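Engineer: sequence first, predicted model second:
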Amino acid sequence: MSVYVGNLSYEVTEDSLNAVFAEYGSVKRVQLPTDRETGRLRGFGFVEMGTDEEETSAIEALDGAEWMGRDMKVNKAKPKEDRSSFGGNRGSYGGRSRY
């Protein structure tokens, strides 16, 4: 499982985020998604820690903490949604068949 880190400065780097979380344990991976069109950071990221205990420690210490001029939002990452289903309501309209 990984940790979601939100409300990040657009100036953050993977190395700087790694350094913050390394204070709470071993960091396995840091991801900072970028906007497809602009290439700019999207203001959030994900950090994978070595153990659940390290993740919990980092979440408790960093959620709401100010870093780079912003109050970070830190919590357990939710599983990625399956975007292949178009709302799960294919072939029907308002609960009734269109045909």
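Structural biologist: Perfect, I can see it now.
Engineer: pull out the buried residues from the lengthiest helix in the chain.
Structural biologist: Secondary structure of the chain per DSSP state H: the longest helix is helix 52-62. Using 16 or more other C-beta atoms under 10 Å as the test for burial, helix 52-62 gives 54, 55, 57, 58, 59, 62. No exception for glycine: its C-beta is placed from N, CA and C like everyone else's.
Engineer: mean confidence for it?
Structural biologist: Mean pLDDT, computed over helix 52-62, is 97.
Engineer: with stretch 28-41 instead?
Structural biologist: The average pLDDT within stretch 28-41 is 96.
Engineer: show me the contact partners of it.
Structural biologist: Defining contact as C-beta atoms under 8 Å, 6 or more residues apart in numbering, one finds that stretch 28-41 is touched by 2, 8, 10, 12-14, 17-18, 21, 42, 44-50.
Engineer: in strands, which of the residues you listed fall?
Structural biologist: Secondary structure defined by DSSP state E assigns 45, 46, 47, 48, 49 of the contacts of stretch 28-41 to strands.
Engineer: got a markdown table for those residues, with pLDDT too?
Structural biologist: Below are those laid out as a markdown table (pLDDT from 0 to 100):
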| residue | pLDDT |
| --- | --- |
| 45 | 97 |
| 46 | 97 |
| 47 | 98 |
| 48 | 97 |
| 49 | 97 |
